[in-house]
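In: A structural model of the following input is requested.
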Amino acid sequence: MRKFYLLISVLFLVPQFLSAQKVGRFEFEIAGGGVYPFHFDDHYAYNGFQTLLEARYNLNSKVDLGLAFERSVNYHDDTFGSAYYTIQAFDFMACADYNWRNKKEYNVFAGTEIGFTQYMSGAYYYVEGAENGASTNSLVPCIAPRFGVELFDKLRVTFKTEMPLFKVKYFYSTITIGLVFGGKRK
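Out: Numbering: from 1, shown residues only. Predicted coordinates for the structure are as follows:
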C-alpha cells in the first residue's frame, strides 16, 4: 500500500518540478458563445447560445483542474412543421486541461470535461389552431472533449463537443469566448 501512495505522490509532484514557467494558482472565467446541435431525433435544429462560469486551479504551468457551470439553449422543428422544441441544458462538469505555453502571446490547450447535464426539453404542438405543450427532464452523465487558445492571459476561445453517455440522443458543439481573471504568468 505504501508503494501505491508513493506512486500517486510522485505522479502529482513530478509535474510541479518539470514546469519551467510560474503561473498564478487560481483563475476564473466568464464566457458566452454559440451552440451548434448535431442530432435530436431527426428534427431540424437551430443554433442557440451558451453561457458558462468556470473556476480552475493550476497545478503547474501545464495542467489545470476546475469546475464548470454551463447553460445552453436552442430550438428544434419537426420535419412537418407542426411542432417545435426548446432544449435547455444545465451542466455541472469537472474539467482538466493540458496547456502548451509555446509563446508569450498565446497558450494552446486541450482537455476534457466530465460530469452531469440536466436536459430540459419543452415540446409545443400546433393542432387546429391550438397550442399544446409537454416537457421532459433527464439527468445524464456527459463527457466533453475540448480544445482552444488563451490569448494574452485574458481572452480564452474554446471549442467543445458535449456527448451524453447514454439515454439522450442529443449532442452538440459550442464555441465560446471568455474573459479570464487570474492565472497570469509570473
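In: low-confidence ranges, this structure, go.
Out: The chain contains residues with pLDDT under 70 at 1-21, 39-45, 76-84, 102, 123-135, 167-169, 185-186.
In: show me what T51 is bridged to.
Out: For T51, the beta-bridge partners are G32, R71 (DSSP bridges).
In: could you do the one 5 residues further on as well?
Out: Legend: beta-bridge partners of R56 under DSSP bridges are E27, G66.
In: that one contacts L65, doesn't it?
Out: Yes. Look at R56 against L65 with CB atoms under 8 Å: they come within range, at 6.8 Å. For glycine as for every other residue, the C-beta is placed from the backbone atoms N, C-alpha and C.
In: what touches both of those two?
Out: C95 (CB atoms under 8 Å, 6 or more residues apart in numbering).
In: the two: which has the busier surroundings?
Out: More neighbours surround R56 than the other of R56 and L65, with 21 against 14 (other CB atoms under 10 Å).
In: state the distance from the more buried one to Y46.
Out: Using CB to CB, to the nearest Å, R56 is found at 31 Å from Y46.
In: just N74 next, same as before
Out: In this view, N74 and Y46 are 6 Å apart by CB to CB.
In: endpoint to endpoint, stretch 145-160 covers what distance?
Out: Terminal residues of stretch 145-160 are spaced 6 Å apart (CA to CA, to the nearest Å).
In: actually, stretch 38-51.
Out: End-to-end distance of stretch 38-51: 19 Å, with CA to CA as the criterion.
In: on that earlier part again, so between N74 and Y46, which is more surrounded?
Out: Taking other CB under 10 Å, N74 and Y46 do not tie; N74 has more neighbours (22 against 14).
In: now for that one: which residues touch it?
Out: Applying CB under 8 Å, 6+ apart, the residues near N74 are 35, 37, 45-49, 86-87, 172.
In: which one of those has the most neighbours?
Out: Y172 (24 neighbours).
In: is it true that that one touches Y46?
Out: No. Using CB under 8 Å as the test, Y172 is too far from Y46 to be in contact (11.4 Å).
In: common neighbours of those two, please.
Out: Common neighbours of Y172 and Y46 (CB under 8 Å, 6+ apart) are 37, 74.
In: name the helices or strands packed onto the host helix or strand of Q118?
Out: Q118 belongs to strand 106-127 when assigned by DSSP states H and E. Strand 106-127 is packed against strand 83-100, strand 130-151, strand 155-164, with contacts defined by 3 or more CB pairs under 8 Å, 6 or more residues apart in numbering; DSSP states H and E.
In: how about those in JSON lines, adding distance to V23?
Out: Listed next are those as JSON lines, based on distance: least, CB to CB, whole Å:
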{"stretch": "strand 83-100", "distance to V23": "9"}
{"stretch": "strand 130-151", "distance to V23": "11"}
{"stretch": "strand 155-164", "distance to V23": "14"}
